[in-house]
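Participant: my questions concern the predicted model and sequence given below.
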Amino acid sequence: MPQFRFSFSILLLLCFAGCSTKPAPAPSIGDAYVAPAALPIHSDLSPRSPVVATLKHGDHVEVLQIRRRFVRLRTPQGAEGWTDNRQLMTAGQMDELVRLKEAALKLPSQGRGTVYESLNIHTEPSRGSPSFYQIPENGSVEVVSRRVVQRLPFQSEVVAAPPPPVVRKPKKKSEDPKPNPNAFALPKPPAPKPPADWLELSRRNPLVEVPLEQSGKQEATSKPAPPPLKYDEWNLIRTKDGNAGWVLARMVNMAIPDSVAQYAEGNRITSYFSLGEVKDEDGNPQHHWLWTTLSKTLEAYDFDGFRVFIFNTRRNRFETAYVERGVKGYYPVEPRTVEVVEGRNRLKVQGFSLFVEDGDGRVWRRTFAFQGYRVRALSKEPAQKPVPGWMKPESDTSILGKAAQAPAQVQSFLGRAKQKVFGWFGK
């Protein structure tokens, strides 16, 4: 009897397991990664619906369904919910973000900046791009590059796959085709010609634009002027803990002391470096500074002036030792040790180098030496415009690049014979 009860219990368990009504998990249509630092996913499309789970930057999720810009996800723990596709990144974008961080770590710092309030770091120089890290209030970062881009709406790459093409079966031709009723119809008459005064009639219609040459007088066009293009200036920054990304340049203030920054003449300081340290009359440390400034915003170049600002210990004040304005300069600006000749001696002193473009579009690398309170130009060498390490490599579409990639042409038999004969006679 006990054995019968045990067998009956097992049979009931098998029956209940076979009658389970739990639906099968939805199939995945793609993979994605979480972009922001924290991403809550909701049980429904409405952002007011309950939060199913909270993910963090870099978490891998499965894409189950896409409705316009909303995506239904499944987490590795099996939770399913909805979020905005602009908060997700593809595998290629994650690799690009890693490459951006590696490139930012290798670029020389152009100065340390601070933020007055918390600031989001974006994955791309776009206001709508995901923010994966936040700089706290009064936080400090290093500026390593700069970029001016057109303000465009951010487009997520996590989109639904196109539906498969519909294959339509060809229609079977009937053996007895139906007769065409228009086969023996008369041809249509030609279209009537426009009236002789069609130009005068068109002038009376304000919706029709008449060329000024034909109208004989200036008339206002009905088409509205296109809206002006908007641009933003971005800085590529890196944090102390190794994060790197894009922030709006106007939100970052270079951390050069205010006692020095007040002499910037209303220009924005884009980079600064210490060229040495001295003591003032009270024994406090003071620095000699090199800075670059930009008088206008949204320029393609990184600075249009640079200055060496020294602290005079005898007069106990800052003074200008060297200044240039009206230039077109590019990052990186690098302080470096240079070699100068004093009589028969070769001395190694503090100096700096920067890239400047002249009026003919040629780029020069100029090197200066800083000795005591003097700034001396050492060299001016032709150079290529610096290409930041974060920039994506592009295919060479120039004529030289196409010629190098073009396959070599096979010479004909007659051409080879002529070349050989001319070689015998030294021609």
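Facilitator: Okay, I see it.

Participant: double-check that residue 98 belongs to a strand.
Facilitator: No - assessed with DSSP: H, G, I helix; E, B strand; the rest coil, residue 98 is helix; it does not lie in a strand.

Participant: can you list contacts of stretch 376-395?
Facilitator: Residues outside stretch 376-395 that contact it (CB atoms under 8 Å, 6 or more residues apart in numbering): 96, 99-100, 103-104, 106-107, 145, 236, 330-332, 338, 340, 351, 355, 357, 362-370, 401. C-betas here are computed from N, CA, C, even on glycine.

Participant: filter these down to the buried ones.
Facilitator: 100, 103-104, 107, 145, 236, 330-332, 338, 351, 355, 357, 363, 365-370 (16 or more other CB atoms under 10 Å).

Participant: okay, and which of those residues map to strands?
Facilitator: 145, 236, 330-332, 338, 351, 355, 357, 363, 365-370 (DSSP state E).

Participant: which of the residues you listed lies closest to residue 319?
Facilitator: residue 370 (13.8 Å; CB to CB).

Participant: helices and strands of the protein: which one has the lowest mean pLDDT?
Facilitator: Using mean pLDDT, DSSP states H and E, helix 399-405 stands out as the lowest-scoring helix or strand of the chain, at a mean of 30.

Participant: that older thread, for the ones in strands among the buried ones among the contacts of stretch 376-395, work out which two are farthest apart.
Facilitator: 236 and 369 (29.7 Å).

Participant: low-confidence ranges, the stretch 101-250 of the chain, go.
Facilitator: For the stretch 101-250 of the chain, residues meeting the criterion pLDDT under 70 lie at 159-167, 171-186, 203-222.

Participant: can you give me the strands for it?
Facilitator: 112-114, 119-122, 131-135, 140-150, 231-238, 244-248 (DSSP state E, counting those that start in this stretch).

Participant: so which of those strands comes closest to residue 43?
Facilitator: Once these are compared by CB to CB, strand 131-135 is nearest, at 24.1 Å.

Participant: could you say what helices and strands that closest one packs with?
Facilitator: Counting contacts by 3 or more CB pairs under 8 Å, 6 or more residues apart in numbering; DSSP states H and E, strand 131-135 is packed against strand 119-122, strand 244-248.

Participant: same list (the ones you listed) but as TSV, adding mean neighbour count and distance to residue 52.
Facilitator: Converted to TSV, the helices and strands packed on strand 131-135 look like this (neighbours: other CB atoms under 10 Å; distance: least, CB to CB, whole Å):
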stretch	mean neighbour count	distance to residue 52
strand 119-122	20	24
strand 244-248	23	28
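
Participant: with distance to residue 230 as new columns, can those strands be given to me in JSON lines?
Facilitator: Output for the helices and strands packed on strand 131-135, formatted as JSON lines (distance: least, CB to CB, whole Å):
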{"stretch": "strand 119-122", "distance to residue 230": "17"}
{"stretch": "strand 244-248", "distance to residue 230": "13"}
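
Participant: list phi and psi for the residue lying closest to residue 126 once chain neighbours are set aside.
Facilitator: The shortest distance from residue 126 to any non-neighbouring residue, by CB to CB, 6 or more residues apart in numbering, is to residue 154 (4.8 Å). When read as degrees, to the nearest 10, the backbone of residue 154 gives phi -70, psi 130.

Participant: residue 154: neighbour count?
Facilitator: Using other CB atoms under 10 Å, residue 154 is surrounded by 13 other residues.

Participant: mind listing what it touches?
Facilitator: So residue 154 contacts 86, 124, 126-129 (CB under 8 Å, 6+ apart).

Participant: look up how far residue 238 lies from it.
Facilitator: 22 Å (CB to CB, to the nearest Å).
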